[in-house]
Every structure is written in structure tokens, then in C-alpha cells.
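# Turn this into a model:
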Amino acid sequence: MLLVVVWLFGVLSWCGIGKAADHPALQPVKELFAAMSQHDGAAMMQTATDDFQLLEHGEVWTMQKLIDAVQPKGKPYERKNFFSQIHARQQGDVAWVSYWNKAEIQRDGAMRIVVWLESAVLVQKNDRWKIQLMHSTRLDGDKYPKDIEWVPYVKTP
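Numbers count the residues shown, from 1 in each chain. As a prediction, this is how the structure comes out:
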């Protein structure tokens with residue numbers, strides 16, 4: 001019987017049934033990174049509150065600084081985004097999520113992979129989650145867990 005239970009759990013996990021769904025508050029985070037991939041500053045701004053703040057690897061950034069940072073600056077690039085939610089908690093109209101974030105950046109024929117450990121505080125206004133605060137720590141090299149289940153995110157029109 002124990003073997004059957006272990007086998008069933010393995011099958012359900014393999015099919016994706018065993019993994020909990022992402023909290024809805026993670027969606028604007030995914031949309032922010034999709035907009036970054038498209039270099040779309042207006043869409044980036046729509047994901048966040050007016051007082052958005054990003055703590056980016058030891059620096060304090062505004063949304064405008066983030067928008068400026070993702071512009072191609074004459075060298076076009078393609079970016080694919082991957083996420084893995086770690087934890088989420090909600091209390092009323094405020095939620096926080098922690099997650100792994102990975103970008104595959106293709107530029108001039110070379111692929112660069114960057115991984116971050118991040119968290120975000122979101123507020124819900126008019127039934128829509130908006131990012132108010134993000135904290136991002138870029139991880140050097142391959143110093144992240146190898147068992148992360150990366151889920152790609154591409155915004156569909």
C-alpha cells in the first residue's frame with residue numbers, strides 16, 4: 001500500500017497537480033517583467049503604485065530608473081522570464097510574495113542567465129494588485145538551489 005501511495009504522489013507531482021498555484025498577487029510581478037522584456041515603460045508603470053520602490057542589489061530605485069535600466073540603448077536583446085513562488089501571505093488588501101526570478105538574456109548571439117531572490121509587497125485597489133515595494137538580490141554565478149521548478153512567463157495578448 002505504501003508503494004502505491006508513493007507512486008501516486010510521484011505521478012501527481014509529475015503532472016503538476018502536487019504543486020500549489022501561485023498567489024494572484026504574483027501576477028503583476030510577472031506582468032512587470034514581461035513589460036520589461038518588451039521595453040514597455042507604460043506597461044511597467046501600470047503594474048505598480050505611484051510610490052513604487054525597488055531595492056535593487058543594494059540600491060534604491062524608482063520605477064523610472066527601472067524603466068531606464070531595461071532600455072536596449074542601441075543593443076537590442078531578447079529576455080525570457082521564469083519564476084518560482086516560494087511563499088505568499090495576504091492580510092486584507094496587502095500581500096507579500098517571495099519568489100525566485102530567472103532571466104535568459106540573448107544579446108549579440110550570446111546567452112546570459114541571471115537569477116535573483118526577490119520579494120514584493122502588493123496592495124489591492126479596485127480588485128487589482130499593484131506592486132508597492134520590491135526587494136531584489138542578484139545571485140552570483142550558480143549560487144542558487146538546483147531543484148527550483150522554473151515556470152516561464154510570457155504575457156498573452
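# Every contact and neighbour count from this point should use C-alpha atoms.
Will do.
# what's around residue 52, how many residues?
Residue 52: 19 surrounding residues under other C-alpha atoms under 10 Å.
# Please tell me how far it sits from residue 66.
According to C-alpha to C-alpha, to the nearest Å, residue 52 and residue 66 sit 11 Å apart.
# same question, residue 90
26 Å.
# Check which element follows the helix or strand of the chain with the lowest mean pLDDT along the chain.
Of all helical and strand segments in the chain, the minimum by mean pLDDT, DSSP states H and E falls on helix 2-14, at a mean of 36. Sequence order places helix 27-37 as the next helix or strand after helix 2-14, per DSSP states H and E.
# in that following helix, what's buried?
By neighbour count on 16 or more other C-alpha atoms under 10 Å, the buried set for helix 27-37 is 27-37.
# Quick one: distance of that helix to the chain centre.
Relative to its parent chain, helix 27-37 has a centroid offset of 7 Å by C-alpha atoms, centre = their mean, to the nearest Å.
# what does it rub up against?
For helix 27-37, contacts defined as C-alpha atoms under 8 Å, 6 or more residues apart in numbering pick out 41, 43-44, 47-48, 67, 70, 78-81, 83, 120, 129-131, 153-155.
# If you count contacts, what does the lengthiest strand in the chain end up packed against?
Taking DSSP state E as the criterion, the chain has its longest strand at strand 110-125. Using 3 or more C-alpha pairs under 8 Å, 6 or more residues apart in numbering; DSSP states H and E as the contact test, the elements touching strand 110-125 are strand 94-107, strand 128-139.
# what's the shortest one packed up against?
Where contact means 3+ C-alpha pairs under 8 Å, 6+ apart, strand 128-139 is packed against helix 27-37, strand 48-56, strand 110-125.
# Give the partner strands of the following helix or strand past it in its sheet and their orientations.
Later in the chain than strand 128-139, the nearest helix or strand by DSSP H and E is strand 151-153. Its sheet considered, strand 151-153 pairs with strand 78-91 (antiparallel) by DSSP bridges.
# How far does the strand it pairs with sit from its chain's centre?
Between the centre of strand 78-91 and the centre of its chain there are 4 Å (C-alpha atoms, centre = their mean).
# buried sites along it?
Across strand 78-91, burial judged by 16+ other C-alpha under 10 Å covers 79-85, 88.
# about what we covered before: among the contacts of helix 27-37, filter down to the buried ones and hand me the PyMOL syntax, if you would.
This is how PyMOL selects the buried members of the contacts of helix 27-37, with burial counted by 16+ other C-alpha under 10 Å:
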select buried, resi 41+43+44+47+48+67+70+79+80+81+83+120+129+130+131
